[in-house]
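1. Sequence and predicted structure, then a few things I'm wondering about:
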Amino acid sequence: SPAPKKAAAPAKAVAPAPTPAPKAKKPFSFGTFTLGPPPAAEKKETAAPAKKGAVAAQTDIPVLRNFRQNADGSLTGRVSGSKSFRNGTEITTSPVRRGVKKGMVVKTSSGSQYRLE
């Protein structure tokens, strides 16, 4: 006599594997060119006009007087209010953006800041 047939076990429900959240798209970059918006952390101002209401914040920023912008973008002038130099010392900064004017606060490529007078 044939063997009794076993009842088929009910199929178990299998939950689908969770899909990872999509990653934030990074700007495509090749060489010195980048396509896409820069990340918020990279946005910064390198030169901005000094604001009259911000006098207290500017007391820590050294002043560069009688300055001139050199061919490489650096500034040469007499510094005052610096922790690193005596007042009246002529210094040359690392490069800043082109076209700076008196009244601006500039940030050099090395990260130093100066108020231009």
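-> Done, it's in.

2. Name all residues that make contact with T89.
-> R78, V79, S82 (Cβ atoms under 8 Å, 6 or more residues apart in numbering). (Each C-beta comes from the backbone N, C-alpha and C, glycine too.)

3. mind listing what's buried in stretch 98-111?
-> V100, M104, V105, V106, K107, T108 (16 or more other Cβ atoms under 10 Å).

4. Out of the contacts of T89, who's the most crowded?
-> Counting neighbours by other Cβ atoms under 10 Å, V79 leads those with 21 neighbours.

5. Can you list the helices and strands that the strand or helix carrying it packs against?
-> For V79, the host element (DSSP states H and E) is strand 75-80. Contacts defined by 3 or more Cβ pairs under 8 Å, 6 or more residues apart in numbering; DSSP states H and E place strand 75-80 against strand 63-69, strand 89-92, strand 113-116.

6. Adding mean pLDDT, write those out as a markdown table.
-> Output for the helices and strands packed on strand 75-80, formatted as a markdown table (pLDDT from 0 to 100):
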| stretch | mean pLDDT |
| --- | --- |
| strand 63-69 | 96 |
| strand 89-92 | 96 |
| strand 113-116 | 95 |
